[in-house]
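In: need the 3D shape of this:
(one chain, ligands or ions: 1)
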Amino acid sequence: MNRILIVEDEPAILLGLSGQLRREGYEVLTADNGDDGLASALSAKPDLLILDLMLPGISGYEICRTLRAQGQQLPILMLTARGEEADRVLGLDLGADDYVTKPFSLRELLARVRALLRRTQPAGKVQVEDVEIDFNAYAAAKNGVPIDLTRREFHLLRALTAKPNQVLSRDQLLDAVVGEDVYVSNRVIDNHIVALRAKLPDGHLITIRGVGYKWIP
Ligand code: CA
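Out: Below is the predicted model:
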């Protein structure tokens, strides 16, 4: 289920939007001021952020700028006031992906949300130089020659490639393989990463010392 964070200080919009998105099957988190919004965006790791620009506390612009400065890649959909073209341009410059102008139709907003999520969802397949990985079929091949990946390696790789350029902690990566074993220690993740690295082109699976790993496409 995709997790969406809405940061909006107008109660009617916040309520209407969160209700509608929940009915559409999304997990919805909300914040009604900039400070809580930024904290939640950083801690709850939403898949998408719907962000009003004018907020009590730090502004939507500042949230955008901060998230991007920290390397957060989640799609950001701005809510802007009618006719404020300068606002939109600034927001897009600061790293927002798209915008809707208030008052917006829920249908239009939902279409934007779906489009943004599609753009960032992991495809069923990932191509890494001359290696193709098909997560649905649990198959990988280099120049057409099959590569032997374990099921757990597929799951780890899917978790990493789903969040390119973001650091995932060992705990987050453990979540990706939970359910397969009664108990897996963090060290197991390290071992799988070593094994994966040996099977994939160099330079994509990066260790961030003391934090975890990240995938560079
Ligand atoms: Ca506002």
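
In: okay, CA-based contacts and neighbour counts for the rest of this
Out: Will do.

In: okay, the residue located most distally from the centre of the chain: pLDDT?
Out: Distance from the centre of the chain peaks at residue 145, with 31.4 Å (CA atoms, centre = their mean). pLDDT recorded at residue 145 is 93.

In: from the ion, how far out is it?
Out: The span separating residue 145 from the ion equals 55 Å under the rule CA to the ion, to the nearest Å.

In: tell me the phi and psi of that residue?
Out: phi -90, psi 120 (degrees, to the nearest 10).

In: bridge partners for it, pull those for me.
Out: Beta-bridge pairing of residue 145 under DSSP bridges involves residue 142.

In: for stretch 91-110, buried residues please.
Out: Going by neighbour count (16 or more other CA atoms under 10 Å), the buried part of stretch 91-110 is 91, 92, 94, 95, 96, 98, 99, 100, 101, 109.

In: spell out whether the host helix or strand of the second one and the ion are in contact.
Out: Going back to what we said before, that points to residue 92. Element membership of residue 92, judged by DSSP states H and E, is helix 85-93. No: applying CA under 5 Å from the ion, one finds helix 85-93 separated from the ion by no less than 12.7 Å.

In: residues of the chain that sit close to the ion?
Out: By the rule CA under 5 Å from the ion, the part of the chain lying against the ion is 54, 55.

In: ok, and the closest non-adjacent residue to whichever residue of the chain sits closest to the ion?
Out: Per CA to the ion, residue 54 is where the chain lies closest to the ion, at 4.2 Å. Nearest in space to residue 54, with sequence neighbours left out and distances taken as CA to CA, 6 or more residues apart in numbering, is residue 60 at 6.2 Å.

In: what's the neighbour count on that neighbour?
Out: By other CA atoms under 10 Å, the residues close to residue 60 number 28.

In: repeat for residue 71
Out: Around residue 71 there are 12 other residues, counting by other CA under 10 Å.

In: residue 130 against residue 145, yeah?
Out: No: counting by CA atoms under 8 Å, residue 130 stays clear of residue 145, with 10.3 Å between them.

In: so what sits against both of those two?
Out: Taking CA atoms under 8 Å, 6 or more residues apart in numbering as the contact criterion, residue 130 and residue 145 have no common neighbours.

In: rewinding a little: thought the residue nearest to residue 54 was touching residue 50?
Out: No: judged on CA under 8 Å, residue 60 makes no contact with residue 50 at a distance of 9.8 Å.

In: tell me the domain boundaries of the chain?
Out: 3-120, 125-215 (automatic domain parsing).

In: most tightly surrounded among the ones you listed?
Out: Stretch with highest mean neighbour count among those: domain 3-120 (a mean of 17; mean count of other CA atoms under 10 Å).

In: list the contacts of residue 166.
Out: By CA under 8 Å, 6+ apart, residue 166 lies in contact with 71, 72, 73, 214, 215.
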